[in-house]
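[1] Turn this into a structure:
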Amino acid sequence: MADDNRREIASGANVLPRNCLALDIEVGRRDRIYALAAIRGTESFKWRGGDLATALRQLDDFADGSEVLLGHNLIRFDIPHLQAANANLRLLRLPVLDTLCLSPLAFPRHPYHHLVKHYQDGQLTRGRVNDPELDARLTLDVAGQQIEALAGAQPDLLTAWHWLTTSDSSGAAFDAYFARLRNAPRPTLPEARLAIARQLSKSVCLVAGREVLGALARHGWPLAFALAWLSVAGGNSVMPPWVRHQFADAGALVRRLRDTPCENAGCSWCQERHNAKSELKRWFGYAEFRTKPQCNDGRSMQQAIVEAALGGRHLLGILPTGVGKSLCHQLPALSRYDKTGALTVVISPLVALMADQVAGLAKRGIASCVTVNGLLSMPERADALDRVRLGDASMLIVAPEQLRSRAVRQTIEQREVGIWVLDEAHCLSKWGTTFAQTTATLPVSFASANRLRPSCV
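    Okay, here's the model as predicted:
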């Protein structure tokens with residue numbers, strides 16, 4: 001009986017109102033609407049060119065009787081433009097359901113859903129360019145796929161999302177959506193807190209989790225997105241770039257919950273996942289770091305560098321050849337990728353070393369290291385950049401000159417960068433003062449050099 005109910009829900013009939021109006025607009029120069037379309041049931045309305053004021057009045061009449069306004073990036077794109085064109089439109093008073101907001105919840109493992117463009121415009125991909133009617137139909141298709149995916153989501157996640165996305169009157173459509181999906185009214189605060197606590201248990205810092213639970217009223221969509229990502233953390237999923245840009249607190253919550261160590265001895269997450277030796281064993285199978293060279297206090301220099309990098313410190317590591325320099329950035333890179341999905345960018349001048357590092361990690365079953373250099377064919381280069389953009393890469397090893405490439409820079413911008421690594425730092429003087437001045441401002445930096453005396457900071 002429960003399975004039958006799930007299938008019925010997944011059909012969308014019980015979730016989207018019958019009088020749902022799917023809307024899309026096209027905007028050109030000077031932010032002026034030049035085309036629009038709407039679909040309700042088997043009827044459609046479309047307009048391109050001519051008098052916009054008349055078209056908006058006709059659209060308003062077409063929308064009469066609709067229960068909810070549906071669109072993709074409707075909240076931040078379509079509605080502001082419609083308000084600017086005519087703030088008195090009756091359809092603007094309809095509850096709003098935005099499929100762009102629901103996509104990271106429905107598809108946390110696949111943030112680049114095949115119907116969705118990048119965050120810069122938030123519009124839908126299609127075979128014909130600038131076709132608002134087709135976009136409106138695609139929105140309905142996306143909505144149906146989201147319902148099917150969400151129908152199989154964990155009950156605690158649905159409870160949490162229902163509460164977090166409906167904290168004020170602007171969430172009326174989302175409230176009705178999740179109420180139909182869950183077959184239950186909006187949860188109370190204690191119900192939401194309990195569901196969120198269960199989702200956070202054993203996968204985040206104990207102290208940070210308690211802080212989040214104690215201040216749920218301050219969170220909303222950012223925590224909903226963070227919980228969606230946490231539900232698939234440890235794989236190759238990344239937060240969509242538009243989420244990181246529009247809801248910066250979502251990424252900050254993930255970093256606070258999983259990448260900020262506490263000092264509570266009872267926190268199993270921090271005791272295990274922020275322990276350099278535990279991470280060394282987990283990723284590379286070694287019980288101990290190399291004992292030499294040593295810091296002045298007698299500690300393993302390799303361990304000291306890794307601990308500083310895991311802690312997010314800026315640092316310069318200077319080590320001789322053959323003492324495991326690569327591990328000093330590879331281990332923090334893998335650990336941070338697993339905790340937050342962040343990318344580590346390694347800037348290295350040696351193509352042969354790039355290949356060696358990739359091959360060495362591959363032998364250990366780690367296939368998330370990607371290189372981009374001038375020796376790659378165009379298909380190889382495109383595949384490497386796709387792996388970075390889609391979240392399949394924990395590390396990108398890139399030659400310095402490749403940073404001049406717009407495609408490389410745009411790909412890096414699609415990811416949250418957790419660590420910047422400057423490998424073979426003695427080559428910096430050869431790369432030029434402009435490069436050195438630019439890299440000096442990177443958020444987290446690491447460098448290694450063969451020709452300098454071993455030391456540790």
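[2] Now Gly418: closest residue in space that isn't a chain neighbour?
    Ala342 (2.9 Å; C-beta to C-beta, 6 or more residues apart in numbering). To be clear about C-beta, it is placed using only N, CA and C from the backbone, and glycine gets the same treatment.
[3] residues near the one you found, how many?
    22 (other C-beta atoms under 10 Å).
[4] now it: how far from Asn275?
    To Asn275, Ala342 is 19 Å away according to C-beta to C-beta, to the nearest Å.
[5] Same check on Asn19?
    On the measure of C-beta to C-beta, Asn19 and Asn275 end up 57 Å apart.
[6] Repeat that for Val142.
    43 Å.
[7] repeat for Pro108
    28 Å.
[8] ok, the two, which is more surrounded?
    Just comparing Pro108 and Asn275: by other C-beta under 10 Å the higher neighbour count belongs to Pro108, 24 against 15.
[9] That one touches Ser237, doesn't it?
    Yes - Pro108 lies in contact with Ser237 (C-beta atoms under 8 Å); the separation is 5.8 Å.
[10] What are the boundaries of the strands in the chain?
    Ranges of strands in the chain, per DSSP state E, are 20-27, 33-40, 43-48, 68-71, 96-98, 317-318, 343-347, 369-372, 395-398, 417-422, 445-447, 455-456.
[11] Same list, those strands, but as a markdown table with mean neighbour count please.
    Rendered in a markdown table, the data for those read as follows (neighbours: other C-beta atoms under 10 Å):
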| stretch | mean neighbour count |
| --- | --- |
| strand 20-27 | 24 |
| strand 33-40 | 22 |
| strand 43-48 | 16 |
| strand 68-71 | 24 |
| strand 96-98 | 23 |
| strand 317-318 | 22 |
| strand 343-347 | 25 |
| strand 369-372 | 23 |
| strand 395-398 | 25 |
| strand 417-422 | 23 |
| strand 445-447 | 22 |
| strand 455-456 | 17 |
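[12] Tabulate these (JSON lines), appending mean pLDDT and distance to Ala355.
    Output for the strands of the chain, formatted as JSON lines (pLDDT from 0 to 100; distance: least, C-beta to C-beta, whole Å):
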{"stretch": "strand 20-27", "mean pLDDT": "95", "distance to Ala355": "47"}
{"stretch": "strand 33-40", "mean pLDDT": "95", "distance to Ala355": "50"}
{"stretch": "strand 43-48", "mean pLDDT": "95", "distance to Ala355": "53"}
{"stretch": "strand 68-71", "mean pLDDT": "96", "distance to Ala355": "47"}
{"stretch": "strand 96-98", "mean pLDDT": "95", "distance to Ala355": "45"}
{"stretch": "strand 317-318", "mean pLDDT": "84", "distance to Ala355": "22"}
{"stretch": "strand 343-347", "mean pLDDT": "93", "distance to Ala355": "13"}
{"stretch": "strand 369-372", "mean pLDDT": "93", "distance to Ala355": "7"}
{"stretch": "strand 395-398", "mean pLDDT": "93", "distance to Ala355": "9"}
{"stretch": "strand 417-422", "mean pLDDT": "89", "distance to Ala355": "17"}
{"stretch": "strand 445-447", "mean pLDDT": "40", "distance to Ala355": "20"}
{"stretch": "strand 455-456", "mean pLDDT": "36", "distance to Ala355": "28"}
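[13] Overlap of the contact sets of Pro108 and Ser237?
    Trp229 (C-beta atoms under 8 Å, 6 or more residues apart in numbering).
[14] what about the chain, any weak spots by pLDDT?
    Within the chain, the segments meeting pLDDT under 70 span 1-14, 110-129, 425-457.
[15] Centre of the chain to stretch 37-51, how far?
    Centroid separation for stretch 37-51 versus its chain: 34 Å, with C-alpha atoms, centre = their mean, to the nearest Å.
[16] what's the first-to-last distance across that stretch?
    Length of stretch 37-51, first residue to last, C-alpha to C-alpha, to the nearest Å: 15 Å.
[17] Same question for stretch 209-221.
    17 Å.
[18] what do you get for stretch 362-374?
    In terms of C-alpha to C-alpha, the two terminal residues of stretch 362-374 are separated by 22 Å.
[19] all helices in the stretch 251-400 of the chain, in order from the N-terminus.
    268-273, 276-284, 301-310, 325-340, 351-363, 378-390 (DSSP state H, counting those that start in this stretch).
[20] Now do the domain split for this structure, please.
    With domains defined by automatic domain parsing, the chain comprises 2-152, 153-266, 275-456.
[21] would you turn the strands of the chain into TSV with distance to Ser335?
    Output for the strands of the chain, formatted as TSV (distance: least, C-beta to C-beta, whole Å):
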stretch	distance to Ser335
strand 20-27	43
strand 33-40	48
strand 43-48	52
strand 68-71	40
strand 96-98	35
strand 317-318	16
strand 343-347	10
strand 369-372	14
strand 395-398	12
strand 417-422	9
strand 445-447	14
strand 455-456	20
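[22] Of those strands, which is nearest Ser170?
    strand 96-98 (7.4 Å; C-beta to C-beta).
[23] How about residues contacting that closest one?
    Outside strand 96-98, the residues touching it (C-beta under 8 Å, 6+ apart) are 16, 20, 68-75, 79, 143, 170, 173-174, 177.
[24] out of those residues, who's nearest Asn86?
    Closest to Asn86, out of all of the contacts of strand 96-98 and judged by C-beta to C-beta, is Ile79, at 11.7 Å.
[25] and the closest one, what is it in contact with?
    Applying C-beta under 8 Å, 6+ apart, the residues contacting Ile79 are 92, 96.
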